[in-house]
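Asker: when you get a sec, could you give me coordinates for this:
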Amino acid sequence: MIEREQVIEKYFQSWIHKNNSILSQIFDLNITYTECYGPEYHGLATITKWFDDWNIRGTVLSWKTKQFIHQGSMTAVEWYFECEFESEVGAFDGVSLIEFNTENLMVNVKEFQSKTPHYYPYA
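Answerer: Residues are numbered from 1 along each chain as shown. Predicted coordinates:
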């Protein structure tokens, strides 16, 4: 399970450093990736294009893991994400559900978002 955590951490760091060279080492060629706000990407070539296109207009400022939960071939990771995209800074908490194959390559990623800051509505 530690190996999976390292794969995920490498992925998050690749965004911070705008380095797509790790993608072919962590994703299966037939990866399916669903972002938290709807877009879905199919295949490593498409994900690499998305990564490169996004990084022209944006910069990931922080992508920090909070916790990992492992069950069978699945890993859930809770995280905090902050970026600047087209001169606008945004941040949110999130969770990714990640399915790995037997070679510890990601084959399916589904992201979910929780807006920040959180607040207590009855205060």
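
Asker: buried ones in the helix or strand hosting Ser114?
Answerer: Ser114 is part of strand 106-115 when elements are defined by DSSP states H and E. By neighbour count with 16 or more other C-beta atoms under 10 Å, strand 106-115 contains the buried residues 106-111. Yep, even glycine has a C-beta here, placed from its N, CA and C like the rest.

Asker: quick one: strands adjacent to it?
Answerer: Sheet pairing of strand 106-115 (DSSP bridges) gives strand 27-34 (parallel), strand 88-100 (antiparallel).

Asker: would you turn the ones you listed into JSON lines with mean pLDDT, distance to His42 and mean neighbour count?
Answerer: Output for those, formatted as JSON lines (pLDDT from 0 to 100; distance: least, C-beta to C-beta, whole Å; neighbours: other C-beta atoms under 10 Å):
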{"stretch": "strand 27-34", "mean pLDDT": "98", "distance to His42": "6", "mean neighbour count": "17"}
{"stretch": "strand 88-100", "mean pLDDT": "97", "distance to His42": "14", "mean neighbour count": "16"}
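
Asker: so what's Cys76 closest to, chain neighbours aside?
Answerer: If you look again at residue 76, you'll see it is Ala, not Cys. Excluding its sequence neighbours, the residue lying closest to Ala76 (C-beta to C-beta, 6 or more residues apart in numbering) is Ile69, at 4.3 Å.

Asker: tally up the residues packed near the one you found, please.
Answerer: Applying other C-beta atoms under 10 Å, we find 12 residues neighbouring Ile69.

Asker: quick check, it in contact with Thr75.
Answerer: Yes. Between Ile69 and Thr75 a contact is recorded at 7.0 Å, counting by C-beta atoms under 8 Å.

Asker: pLDDT weak spots in this structure?
Answerer: Within the chain, no stretch has pLDDT under 70.

Asker: wait, is Pro121 part of a helix?
Answerer: No. With DSSP: H, G, I helix; E, B strand; the rest coil as the criterion, Pro121 is coil rather than part of a helix.

Asker: phi, psi for it please.
Answerer: phi -70, psi -10 (degrees, to the nearest 10).
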